[in-house]
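A.B. asks: Below is the sequence, then the predicted model.
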Amino acid sequence: MRFATVLPVVAALLAATACSSTPPTAENKTLKIVYQKSDSFTALDTVMQDAKKEFEAANSSVTVNLEPIQANDDDYGTKLALAQRSPDTAPDVFYEDTFKVRSDVDAGYLLKLDSYLEKWDDWSQFNEAAKAAGRADDGGIYAVPLGTDTRAIWYNKAVLQKAGIPVPWQPKTWEDILSTARAIKASDPTVIPFNMYAGKGTGEGTVMQSFYELLYGTDSTLYDEKEKKWVVGSQGFTDSLAFLKTLYDEKLATSPAEALDANVWKKVFGEWFPQGKLGATVEGSYTPSFWQKGGPYEWAGYEQDMGVAMFPTRNGQEPGGVSMSGGWTLAVGAKSKNAELAFKFLTTALNKKNALAFDVNNSQIAVRTDVAKESSYVSANPFVKDVSELVKVTHYRPATADYPRISTAVQVATESVITGRQSPEDAAAEYDATVRKVVGDDKVLDR
Amino acid sequence: MTIRRYLRLLPVVPSVLLLLLFLLAPVAWSFYASFTNAALSGRAARDPQWVGLENYVRMFSDDSFPLAAWLTVVFVAASAVFGQNVLGLLIALLMTRSRKAVSSWVGTAVVAAWVLPEIVAAFAAYAYFNRDGTLNQMLAFFGGQGPDWLYTFPLVAIILANTWRGTAFSMLVFRAALADVPQDVSEAALMDGAQGWQRLAFITLPLIRSSIATNLMLITLQTLAVFTLIWVMTAGGPANASTTLPVLAYQEAFKFGDIGYGTAIASVLIVLGVVFGAVYVRLLKEQKS
């Protein structure tokens, strides 16, 4: 009885709210641009501001709404994916991690750009590897890279010299790393000789700037691209964990407690290196951007004090070194109502001038051949040449939808080993079990 | 007469609608999503499929779920049922006997932790328990050396932090309840020669039983949902040692983009809350009859 009278009221109210939204006007052309910004990463924000000015001047009827998201990489990815779920919140142009391109294309978030790229003269300036970064499983291009990166060993020359290690230093094998680290420890026990990230605290940094340099320097791999299967049971995996165990057990790296702190990288760049408390670490080619003028940890002396070396393969076997690459792209939303304009904005943001500014300010490796030749790029910092050459020995992560879970499983394995919870063999076995559970037995390759 | 009765219901309608829209709808959606393979990215994001009980089956073969459920129970029992409840009652009892000035100072100090926004309280707790934090600096001052609390005893640190933050609520509830205990009953017991602890156990506590039950229910539900505090202090680590169900649900849904599995964990949490709530409501009813 009571409900019978309440229901019409409910219905009426619902109807009233449903009707109250106004239909969008046809003239109203705005582009929504979503990208990442943080205290330590403002280079892209600068580029976007410039591109907005440039684009609005050339297209007077269009408003560009810049919507930077203040977040770290993980949270940025989540927020972006949440926004893409609904056409009302989906951006027109957005900043997209290369390793998410394939799975986000599967999700239907990205617009296929092939027909647009054909008409864009600048596209021929992008190198082939860069073009491939935005390619999905169907062969189409869905994203255009801003730049790429590599990983290397960054070392403090003064610390090494104090320990009697001649610089420039280039370890040839894992053993070279250990002997140098031990020499540094012997000369000054208060210094952290050779840090490598481990554990879930540093997240993707643990695998990109530590574990994979080891794994890919054994003769193993994480994923077999040909068979499209994940590799388990490999000796290389266990050996890589064992190497980390040695580093942490002998106190050649930081303490496990500190390693698990998500902010440990801030200490690496902000305190330990500038204060001469750290011998070396594995980090990205973007490292100088932290110390450059305007960076979060300005350090005028870094150009003289720091050196860069290639991470060696295990026994010095071919090709002699290992690096990892990632990088970010710009993509157009599949749900964009103004795809033509959105692509036009993308080309403005990635034109030679803006790409050069971004690559220089963010210490990125240029993907445009015309930018790579610019003198201001080549002389941006003394390390550009060395880290750019690492592209020759670099690896990319398998960009499947399962990847984030596999990456976490690797992080867990490193955490178990450095905290002494598990032996390298047990941690590797647990990793294998997790991989089987995540991807299923038929997508696993036992080696 | 009847029309007037219905008209009187009218002002309730908006709030009922809002409740349906913002409370029941998300809960219903969460239950629904937990039976699908909805995801943030990949093929499942475009076209989520109905997978039945798959997520729930997976939950019980997943090592981190039983651990998280156990940690949640320990966390709630230790920090809410025991910590906040008992400490709140103790402080309230002591305050009734102490001088006005002392009691108002103590009250302010306790409430101060409660009025802090959760994120601020979380950072304060992080700064306190951190390896170079306030606690270890104080210990160092007295010549001691504290462990890295958040790394060595993450759950203990979180339990203490949540107790610190939430005790004020229990204290306020018990202060009000104790003020309502009739003086003459206590005095009569005193005349009969009852000791202090006897008066507490046989007079005061039975008289405020319903307040205790209400308080327990509210703080249990509140503590079940604690997320920010844990996320800021330890992010569930190290090695899942402080991953409670809300943290696990968040990780699965947003870090791994597995909305279906994440909502399944969230649904278990909702059911857990409902069960706790029902038990306490039952307790309350029994007392009244």
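C.D. replies: Arrived safely. Numbering: from 1, shown residues only, chains lettered A, B, ... in the order given.
A.B. asks: what about stretch B:190-205, distance to the chain center?
C.D. replies: Remark: stretch B:190-205 is offset 31 Å from the chain centroid, using CA atoms, centre = their mean, to the nearest Å.
A.B. asks: send the alpha carbons of that stretch over as PDB?
C.D. replies: Extracted in PDB, the C-alpha atoms of stretch B:190-205 (Å, rounded to 0.1, in the frame of the first residue of the first chain):
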ATOM      1  CA  LEU B 190      28.600   1.400  48.100                       C
ATOM      2  CA  MET B 191      26.500   1.200  51.300                       C
ATOM      3  CA  ASP B 192      26.200  -2.500  50.800                       C
ATOM      4  CA  GLY B 193      30.000  -2.700  50.900                       C
ATOM      5  CA  ALA B 194      30.700  -3.300  47.200                       C
ATOM      6  CA  GLN B 195      34.400  -2.800  46.300                       C
ATOM      7  CA  GLY B 196      35.300  -0.500  43.400                       C
ATOM      8  CA  TRP B 197      35.800  -3.300  40.900                       C
ATOM      9  CA  GLN B 198      32.600  -4.900  42.100                       C
ATOM     10  CA  ARG B 199      30.600  -1.800  41.400                       C
ATOM     11  CA  LEU B 200      32.200  -1.600  38.000                       C
ATOM     12  CA  ALA B 201      31.500  -5.200  37.100                       C
ATOM     13  CA  PHE B 202      28.100  -5.600  38.500                       C
ATOM     14  CA  ILE B 203      26.600  -2.100  38.400                       C
ATOM     15  CA  THR B 204      28.200   0.200  35.900                       C
ATOM     16  CA  LEU B 205      29.000  -2.200  33.000                       C
END
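A.B. asks: Enumerate the positions of it that are buried.
C.D. replies: B:A194, B:R199, B:I203, B:T204 (16 or more other CB atoms under 10 Å in any protein chain shown). To be clear about C-beta, it is placed using only N, CA and C from the backbone, and glycine gets the same treatment.
A.B. asks: tell me the contacts of the residue of chain A found nearest chain B?
C.D. replies: Minimum separation of chain A from chain B (CB to the nearest CB) falls at A:A401, amounting to 3.1 Å. The contact partners of A:A401, taken as CB atoms under 8 Å, 6 or more residues apart in numbering or on different chains, are A:R102, A:S103, A:D106, B:A39, B:S41, B:G42, B:R43, B:A44, B:G257.
A.B. asks: Now intersect the buried residues of stretch B:190-205 with the helices, please.
C.D. replies: B:R199 (DSSP state H).
A.B. asks: In a markdown table, list the buried residues of stretch B:190-205 along with distance to chain A and pLDDT.
C.D. replies: Shown next, in a markdown table, are those (distance: CB to the nearest CB, whole Å; pLDDT from 0 to 100):
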| residue | distance to chain A | pLDDT |
| --- | --- | --- |
| B:A194 | 51 | 80 |
| B:R199 | 48 | 82 |
| B:I203 | 44 | 84 |
| B:T204 | 43 | 86 |
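A.B. asks: Among the buried residues of stretch B:190-205, which one sits closest to A:G201?
C.D. replies: Nearest to A:G201 among the buried residues of stretch B:190-205: B:T204, at 48.0 Å, using CB to CB.
A.B. asks: I'd say that closest one and B:A179 touch.
C.D. replies: No: look at B:T204 against B:A179 with CB atoms under 8 Å: they stay out of range, at 11.7 Å.
A.B. asks: Dump stretch B:231-243 to PDB, restricted to CA.
C.D. replies: Output in PDB follows, covering the C-alpha atoms of stretch B:231-243 (Å, rounded to 0.1, in the frame of the first residue of the first chain):
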ATOM      1  CA  TRP B 231      48.100   2.500   2.500                       C
ATOM      2  CA  VAL B 232      50.100   5.500   3.700                       C
ATOM      3  CA  MET B 233      52.000   3.700   6.500                       C
ATOM      4  CA  THR B 234      53.000   0.400   4.700                       C
ATOM      5  CA  ALA B 235      51.000   0.100   1.500                       C
ATOM      6  CA  GLY B 236      50.200  -3.400   2.600                       C
ATOM      7  CA  GLY B 237      53.800  -4.500   2.900                       C
ATOM      8  CA  PRO B 238      56.400  -5.800   3.500                       C
ATOM      9  CA  ALA B 239      55.500  -9.000   1.600                       C
ATOM     10  CA  ASN B 240      51.700  -8.600   2.300                       C
ATOM     11  CA  ALA B 241      52.300  -8.600   6.000                       C
ATOM     12  CA  SER B 242      49.800  -5.800   6.500                       C
ATOM     13  CA  THR B 243      47.500  -6.300   3.500                       C
END
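A.B. asks: can you list contacts of it?
C.D. replies: Here stretch B:231-243 has contacts from A:199-201, A:260, A:262, A:412, A:415-416, A:419, A:421, B:64, B:67-68, B:71, B:119, B:122-123, B:125-126, B:129, B:150-151, B:154-155, B:157-158, B:161, B:230, B:244, B:247-248, B:250-251, using CB under 8 Å, 6+ apart.
A.B. asks: Weed out the non-buried ones from those residues.
C.D. replies: Among the contacts of stretch B:231-243, those classed as buried by neighbour count (16+ other CB under 10 Å) are A:199-201, A:260, A:262, A:412, A:415-416, A:419, B:64, B:67-68, B:71, B:122-123, B:125-126, B:129, B:150-151, B:154-155, B:157-158, B:161, B:230, B:244, B:247-248, B:250-251.
A.B. asks: what's the spacing between A:A428 and A:M196?
C.D. replies: A:A428 sits 17 Å away from A:M196 when distances are taken as CB to CB, to the nearest Å.
A.B. asks: Also A:K172?
C.D. replies: For A:K172, the distance to A:M196 (CB to CB) stands at 18 Å.
A.B. asks: Check A:V62 too.
C.D. replies: Counting by CB to CB, the gap from A:V62 to A:M196 is 48 Å.
A.B. asks: With neighbour numbers in mind, choose between these two.
C.D. replies: Taking neighbours as other CB atoms under 10 Å in any protein chain shown, A:V62 and A:M196 compare with A:M196 leading, 27 against 15.
A.B. asks: now, which of the contacts of stretch B:231-243 lie within strands?
C.D. replies: Residues of the contacts of stretch B:231-243 located in strands (DSSP state E): none.
A.B. asks: can you list the residues of the stretch 251-400 of chain A near chain B?
C.D. replies: A:P256, A:A257, A:E258, A:L260, A:A262 (CB under 8 Å from any CB of the partner chain).
A.B. asks: Go again with 10 Å.
C.D. replies: Residues of the stretch 251-400 of chain A that fall close to chain B, judged by CB under 10 Å from any CB of the partner chain: A:S255, A:P256, A:A257, A:E258, A:A259, A:L260, A:D261, A:A262, A:A334, A:T400.
A.B. asks: follow-up on the earlier one: what's the spacing between the nearest residue to the residue of chain A closest to chain B once chain neighbours are set aside and B:P246?
C.D. replies: Leaving aside its sequence neighbours, A:A401 sits nearest to B:G42 (CB to CB, 6 or more residues apart in numbering or on different chains; 3.1 Å). Here the criterion is CB to CB. By it, B:G42 lies 24 Å from B:P246.
A.B. asks: coming back round to it: so what sits against both of B:T204 and B:A179?
C.D. replies: Here B:T204 and B:A179 share the contacting residues B:T96, scored by CB atoms under 10 Å, 6 or more residues apart in numbering or on different chains.
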